[in-house]
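**Student:** Structure, please.
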Amino acid sequence: MMTSHDSLATGFAALRALKPGPARLYLAGCSGEPAGLFDVMGAEPDLARDLTFVGVPVPGINQIDWTSLHASARAEMPFMYGAMRAGFEAGRIQLRPMHYSDSFRQIQAGPIDLGVVMVSPPDADGRVSLGLSADFSGAVLARPDIPVMAIINPRMPAPADAPRVALTRFAVVVADDTPLVGLAETALPPVFAQIGEQIADLVAGKAACLQFGIGNVQQAVLKALSEAGGPANLRIHSGLVTDPVLGLIDAGRVVDAPGAILTGVAVGTDELYQRVARDHRFRFRGVDITHGIDVLSGIPDFVAINSVLEVDLFGQANAEFLKGRQVSGIGGLANFLRGAAASQGGMPVVALPSSAAKGRVSRIVPRLGPDAVSVPRSDIAWVVTEHGAVNLRGASLDSRAERLISIADPAHRDSLANAWAEMRAGF
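**Tutor:** Numbering: from 1, shown residues only. Take a look at the predicted model:
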């Protein structure tokens with residue numbers, strides 16, 4: 001009997017034969033990442049010879065460096081994450097700073113020779129679902145000139161409202177039951193619980209449509225909204241959802257209607273994957289829908305909640321650099337902030353702890369370096385720390401600085417005020 005390894009190895013060799021020599025290979029990311037294929041290539045490294053891997057793996061979720069498979073392998077990615085560091089420093093990985101929406105357009109029209117996507121088992125009509133990972137793969141599948149290999153994984157759910165594709169679209173079809181990429185829940189640091197409560201207060205009373213990023217801020221906000229109670233008047237429109245969304249559902253806060261939770265990706269525990277498969281509220285769509293400014297601006301009361309690493313006294317935000325080293329990418333941050341700003345009743349929110357290193361380092365800083373500005377001051381509105389929430393939209397330079405100092409760690413407020421006075425004198 002053919003094993004998953006044999007099936008993947010034989011299938012990928014067949015796909016590779018369709019484009020011998022140097023080739024650009026699209027791989028799905030997040031929960032659709034074909035981890036089993038990486039294991040196969042690790043055992044047979046020649047399968048990765050002369051490949052350039054393209055796609056959008058996400059920090060905090062995906063942990064594979066595909067360029068480690070072969071000396072000639074390369075990659076082009078819009079994010080930096082820990083597993084990529086060695087490949088990036090060795091020059092095997094090229095970082096492309098791009099908005100999520102631009103990454104989608106690049107995959108829609110840029111150079112790609114081959115593709116690999118993970119799908120659910122076929123239904124009675126011979127169609128497979130993109131399942132939990134509908135973000136970018138649809139853009140590749142919409143290009144009939146690109147041969148794509150489908151990896152049918154029985155662990156991949158087929159939500160009722162997720163993109164489906166006829167098996168006949170695929171040049172190669174293989175099977176593999178490698179566990180899906182997941183994301184375990186972690187304990188919430190107290191400072192984030194305070195931030196979550198601040199943001200929940202901003203949202204209180206609104207029949208809002210929420211967007212949130214990955215990590216502690218998301219977990220904190222959803223926990224606070226769940227515990228606050230209230231009517232089932234919230235919707236979700238986000239690039240990604242994780243387990244904390246289940247708490248909001250269980251608290252009775254999410255509208256009970258088809259499509260009330262629209263997302264591109266779900267990643268988390270098996271419980272999340274099982275519930276996504278049977279809850280009619282979940283709708284999966286591509287990045288053109290989840291991050292499209294024309295879509296976002298048309299959502300009333302759209303509240304975009306995202307974390308950043310630093311904010312300076314001008315209102316500029318850094319979401320990519322830590323101690324001068326690139327640790328992430330811009331992702332969908334600017335897409336969502338601009339969409340919320342254009343929404344009727346919308347609120348663009350960035351959140352961060354006021355300090356780091358046990359209070360020794362302020363995350364509200366006098367001025368970001370030019371290489372660390374992820375979001376310009378003109379795109380920043382609400383800024384939240386554990387000490388409060390301030391709105392910078394329409395505020396003057398001096399008002400911005402005063403408001404931001406008011407939510408900084410109290411131990412750093414005097415030094416920030418002095419730094420502002422010194423900078424202000426030089427304007």
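**Student:** Show me the strands in the stretch 151-300 of the chain, by range?
**Tutor:** Applying DSSP state E, counting those that start in this stretch to the stretch 151-300 of the chain gives strands spanning 164-166, 172-175, 209-212, 235-241, 261-266, 282-284.
**Student:** from what I can see residue 213 touches residue 304, true?
**Tutor:** No: using CB atoms under 8 Å, residue 213 is not in contact with residue 304; the gap is 9.0 Å. Quick note: C-beta positions are derived from backbone N, CA and C, even for glycine.
**Student:** Give me the neighbour count for residue 413.
**Tutor:** Using other CB atoms under 10 Å, the number of residues around residue 413 comes to 18.
**Student:** hmm, back to that, neighbour count: residue 213 and residue 304, which is higher?
**Tutor:** Legend: neighbour count by other CB under 10 Å for residue 213 and residue 304, higher for residue 304 (29 against 24).
**Student:** Hmm, the more buried one is touching residue 332, no?
**Tutor:** No: applying CB under 8 Å, one finds residue 304 not in contact with residue 332, separated by 9.1 Å.
**Student:** Does residue 221 touch residue 194 like I think?
**Tutor:** No: assessed by CB under 8 Å, residue 221 is found out of contact with residue 194, at 11.5 Å.
**Student:** what about residue 190, distance to residue 349?
**Tutor:** Going from residue 190 to residue 349 by CB to CB, to the nearest Å gives 20 Å.
**Student:** So for these two, which residue has more residues nearby?
**Tutor:** Set residue 190 next to residue 349 and count neighbours by other CB under 10 Å: residue 349 wins out with 28 against 10.
**Student:** what are the pairing partners of the helix or strand containing the more buried one, and which direction each?
**Tutor:** Using DSSP states H and E, residue 349 sits within strand 347-351. Strand pairing for strand 347-351, using DSSP bridges, gives strand 302-307 (parallel), strand 382-385 (parallel).
**Student:** Turn these into CSV, including distance to residue 125 and mean pLDDT.
**Tutor:** As requested, those are exported to CSV (distance: least, CB to CB, whole Å; pLDDT from 0 to 100):
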stretch, distance to residue 125, mean pLDDT
strand 302-307, 35, 98
strand 382-385, 46, 99
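**Student:** Most tightly packed of the ones you listed?
**Tutor:** Most buried of the strands paired with strand 347-351 by mean neighbour count (mean count of other CB atoms under 10 Å) is strand 302-307; its value is a mean of 26.
**Student:** between that strand and strand 235-241, what angle do the directions make?
**Tutor:** Compare the direction of strand 302-307 with that of strand 235-241 by axes from the mean of the first three to the mean of the last three CA atoms, to 10 degrees and you get 30 degrees.
**Student:** Can you identify the element that follows strand 302-307 toward the C-terminus?
**Tutor:** strand 310-312.
**Student:** residue ranges with poor pLDDT in the chain?
**Tutor:** Applying pLDDT under 70 to the chain flags residues 1-6.
**Student:** any idea where the helices of it begin and end?
**Tutor:** Secondary structure of the chain by DSSP state H: the helices cover 4-17, 35-43, 85-89, 100-109, 137-141, 190-203, 216-228, 244-250, 270-278, 287-290, 293-296, 333-342, 397-406, 413-425.
**Student:** looking at these, which is closest to residue 317?
**Tutor:** Of all these, helix 333-342 sits nearest to residue 317, with 8.1 Å by CB to CB.
**Student:** residues making contact with that closest one?
**Tutor:** Contact partners of helix 333-342, identified using CB atoms under 8 Å, 6 or more residues apart in numbering, comprise 99-101, 211, 213, 239, 291, 293, 295-297, 299, 302-304, 306, 308, 319, 346-350, 374-375, 379-381, 393.
**Student:** Centre of the chain to that helix, how far?
**Tutor:** Offset of helix 333-342 from its chain centre (CA atoms, centre = their mean, to the nearest Å): 14 Å.
**Student:** do the same with stretch 418-427
**Tutor:** Distance, centroid of stretch 418-427 to centroid of chain: 37 Å (CA atoms, centre = their mean).
**Student:** Need the residues that contact that stretch.
**Tutor:** 313, 366-367, 397-398, 401, 405.
**Student:** Can you say which of those are buried?
**Tutor:** Neighbour-count burial within these applies to 313, 366, 401, 405; the criterion is 16 or more other CB atoms under 10 Å.
**Student:** tell me how far the ends of stretch 139-148 are from each other?
**Tutor:** Using CA to CA, to the nearest Å, the end-to-end distance of stretch 139-148 comes to 12 Å.
**Student:** can you check stretch 341-351 too?
**Tutor:** Counting by CA to CA, the terminal residues of stretch 341-351 are separated by 16 Å.
**Student:** just stretch 43-62 next, same as before
**Tutor:** End-to-end distance for stretch 43-62, by CA to CA: 20 Å.
**Student:** before we move on, what about stretch 171-186?
**Tutor:** One end of stretch 171-186 to the other measures 40 Å (CA to CA).
**Student:** repeat for stretch 296-313
**Tutor:** Start-to-end span of stretch 296-313 (CA to CA) is 28 Å.
**Student:** before we move on, what about stretch 350-364?
**Tutor:** 12 Å.
**Student:** Name the nearest residue to residue 362, ignoring sequence neighbours.
**Tutor:** Closest residue in space to residue 362, ignoring its immediate chain neighbours: residue 412 at 3.8 Å, by CB to CB, 6 or more residues apart in numbering.
**Student:** again but with residue 289, I slipped
**Tutor:** Counting by CB to CB, 6+ apart, residue 295 is the residue found nearest to residue 289 once chain neighbours are left out, at 5.6 Å.
**Student:** hang on, isn't the one you found packed against residue 285?
**Tutor:** No: judged on CB under 8 Å, residue 295 makes no contact with residue 285 at a distance of 9.1 Å.
**Student:** how about the strands in the stretch 1-150 of the chain?
**Tutor:** So, for the stretch 1-150 of the chain - with DSSP E, counting those that start in this stretch - the strands run 23-27, 51-54, 74-77, 93-95, 114-119, 127-129, 148-152.
**Student:** With mean neighbour count and distance to residue 328 as extra columns, can I get the ones you listed in CSV?
**Tutor:** Below are the strands of the stretch 1-150 of the chain laid out as CSV (neighbours: other CB atoms under 10 Å; distance: least, CB to CB, whole Å):
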stretch, mean neighbour count, distance to residue 328
strand 23-27, 22, 19
strand 51-54, 24, 18
strand 74-77, 21, 11
strand 93-95, 17, 10
strand 114-119, 26, 24
strand 127-129, 22, 30
strand 148-152, 23, 28
